[in-house]
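J.: Sequence and computational prediction follow.
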Amino acid sequence: MSIKYIASSKLPTPFGIFTMHGFEEESTGKEHVALSMGDIDSGEPVLARAHSECLTGDALFSMRCDCGYQLEEALSSIAKNGRGVLLYLRQEGRGIGLLNKIKAYNLQDQGADTVEANERLGFGADMRQYDMCQPMLEHLGVKAIRLMTNNPRKVKALSEAGVDVVERVSIEVGRNPHNDGYLNTKAAKLGHYLKTTAKVDISHQDDDA
Ligand SMILES: Nc1nc2c(ncn2[C@@H]2O[C@H](COP(=O)(O)OP(=O)(O)OP(=O)(O)O)[C@@H](O)[C@H]2O)c(=O)[nH]1
Ligand SMILES: [Zn+2]
């Protein structure tokens with residue numbers, strides 16, 4: 001994929017001062033951002049996250065998913081570590097876009113799980129691509145990463161795209177009653193490395209009492 005580097009600036013956050021780098025996909029015009037901190041071009045593996053956009057979780061405090069919590073955890077871990085990079089990838093709703101994600105949420109409100117909802121709308125469960133990551137990391141001088149993710153497909157896709165992922169670092173945060181089922185579905189159907197919460201069906205417990 002052809003990616004054009006556009007500009008960099010400071011980005012002060014509650015976690016520390018990052019440098020923000022803006023990139024543009026030449027074929028689609030999609031804009032992606034990298035936030036970096038510390039020395040990331042020394043060749044030493046860099047703590048990294050490739051975070052796909054989730055407007056609802058990242059900006060609107062949604063508790064339906066774990067995205068906002070993971071974004072915060074990733075930035076906080078990078079700051080504590082003193083060096084690292086977060087790629088903020090503009091592929092909302094696992095690549096189906098915001099408005100389709102709202103349609104998918106509507107189906108989930110009626111009982112579908114996150115995978116079934118995508119499929120009912122005619123999409124695959126996960127439509128994302130990670131081809132932009134390698135050129136973004138190369139521009140930043142990053143040679144190898146320790147990737148914060150629970151998603152085995154992400155590790156595989158990044159490796160296949162030419163990124164040297166030397167380690168997977170677990171990032172399991174933010175489980176709550178609103179995203180419990182969503183996280184269990186991610187583990188069961190998408191293969192995420194997440195502890196699942198056991199569901200005990202108590203609906204018939206008193207039937208013979
Ligand atoms: N279609 C759809 N997309 C969702 C739903 N919930 C969250 N998303 C999107 O899923 C993506 C989550 O991306 P990541 O944070 O990279 O998470 P991940 O691939 O599950 O893997 P991790 O690295 O373990 O977090 C974002 O693009 C969200 O907008 C949903 O119910 N339906
Ligand atoms: Zn989300």
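T.: It's in. Numbers count the residues shown, from 1 in each chain. Ligands and ions are numbered 1, 2, ... in the order given.
J.: List the contacts of the residue positioned nearest the centre of the chain.
T.: With distances taken as Cα atoms, centre = their mean, the residue of the chain nearest its centroid is H51 (3.4 Å). Counting by Cβ atoms under 8 Å, 6 or more residues apart in numbering, H51 makes contact with 58, 67, 70-71, 74, 86-89. All C-beta atoms are positioned from the backbone trio N, CA, C, and that covers glycine.
J.: Equivalent analysis for K103, please.
T.: 117, 121.
J.: hmm, back to that, what helix or strand does the residue nearest to the centre of the chain sit in?
T.: Using DSSP states H and E, H51 sits in strand 46-52.
J.: domains in the protein, as residue ranges please.
T.: If you go by the TED database, the domain ranges for the chain are 3-91+128-190, 95-127.
J.: got the ones you listed as JSON lines, with mean pLDDT columns?
T.: Output for the domains of the chain, formatted as JSON lines (pLDDT from 0 to 100):
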{"stretch": "domain 3-91+128-190", "mean pLDDT": "96"}
{"stretch": "domain 95-127", "mean pLDDT": "96"}
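J.: possible to save those domains as a markdown table with distance to T196?
T.: Shown next, in a markdown table, are the domains of the chain (distance: least, Cβ to Cβ, whole Å):
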| stretch | distance to T196 |
| --- | --- |
| domain 3-91+128-190 | 5 |
| domain 95-127 | 13 |
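J.: Model confidence for S203, exactly?
T.: Turning to S203, the model gives it a pLDDT of 50.
J.: Also D207?
T.: Predicted confidence (pLDDT) for D207: 46.
J.: before we move on, back to that, which members of the contacts of H51 are positioned in helices?
T.: Using DSSP state H, the members of the contacts of H51 that fall within helices are 67, 70-71, 74.
J.: Ligand 2 next: which of those are close?
T.: Checking the ones in helices among the contacts of H51 against ligand 2 by Cβ under 5 Å from the ion, the ones in range are C67.
J.: Where do the strands of this protein begin and end?
T.: 3-13, 16-25, 31-37, 46-52, 84-89, 145-148, 165-169 (DSSP state E).
J.: what's the most buried one of those strands?
T.: strand 46-52 (a mean of 25; mean count of other Cβ atoms under 10 Å).
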